[in-house]
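Participant: just coords:
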Ligand SMILES: N[C@@H](CCC(=O)N[C@@H](CS)C(=O)NCC(=O)O)C(=O)O
């Protein structure tokens, strides 16, 4: 399998973390979706990474579809409950984490892809408020006295939330989210000690 992606995209990181947790082999192919000669459209009509190219050359997107598929490929570290309410709850955590990443990515894109005079402060502040309310929601929903978002077992919920929090640290280091979100802060400490997070860290990157 090949994964088209970039090193800073949090959605790509979520997929890479899942690959690592499930001990799946793949080749990461770096793709700059903003470059005029990007090949991404050949594989994803939406022009976004991550995009998984499977061994039969079929492609899968977006990150939620990819990680759901990856979870079926190996019984190692099941990340999604098989069915029912628990599965929906895990995917709801992922949806909030992805929404936070979308809002953060959107602010970053606005600030880096548009000249200052054409940036829209109202749009930026709308995205900022989504980030804050997603943080508040996740902190409130985190079960008391439990290590993980859905209880005692690590799941996709934790991996998605970890990627979202870590992306906030990358793009908005001035945002002191830990002050109001103690449980999330503890979760991130635990996740960052896992090989899957350490192997996909942003810290040595030149920011782009
Ligand atoms: N919902 C998508 C979001 C992916 C996404 O927004 N990727 C960004 C990079 S982090 C991208 O490719 N943006 C290019 C564009 O919007 O044209 C997913 O979960 O895969």
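Facilitator: That came in fine, so what should we check first? Just so you know, these numbers come straight off a predicted model, no measurement behind them.
Participant: contacts, neighbours, all on C-alpha from now
Facilitator: Fine.
Participant: what's the domain layout of the chain?
Facilitator: Following automatic domain parsing, the chain resolves into domains at 2-73, 84-194.
Participant: residues in contact with the residue of the chain found nearest the ligand?
Facilitator: Per CA to the nearest ligand atom, residue 48 is where the chain lies closest to the ligand, at 3.2 Å. If you count contacts by CA atoms under 8 Å, 6 or more residues apart in numbering, residue 48 has them with 33, 40.
Participant: that one and residue 157, how far apart?
Facilitator: 22 Å (CA to CA, to the nearest Å).
Participant: can you tell me which helix in this protein is longest?
Facilitator: In the chain, with assignment by DSSP state H, the single longest helix is helix 84-113.
Participant: so which elements touch that helix?
Facilitator: Packing contacts for helix 84-113, counted by 3 or more CA pairs under 8 Å, 6 or more residues apart in numbering; DSSP states H and E, involve helix 10-21, helix 121-141, helix 156-171.
Participant: as CSV, the ones you listed with mean neighbour count, mean pLDDT and distance to the ligand would be great.
Facilitator: Formatted as CSV, these follow (neighbours: other CA atoms under 10 Å; pLDDT from 0 to 100; distance: least, CA to the nearest ligand atom, whole Å):
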stretch, mean neighbour count, mean pLDDT, distance to the ligand
helix 10-21, 24, 98, 5
helix 121-141, 15, 97, 14
helix 156-171, 23, 98, 10
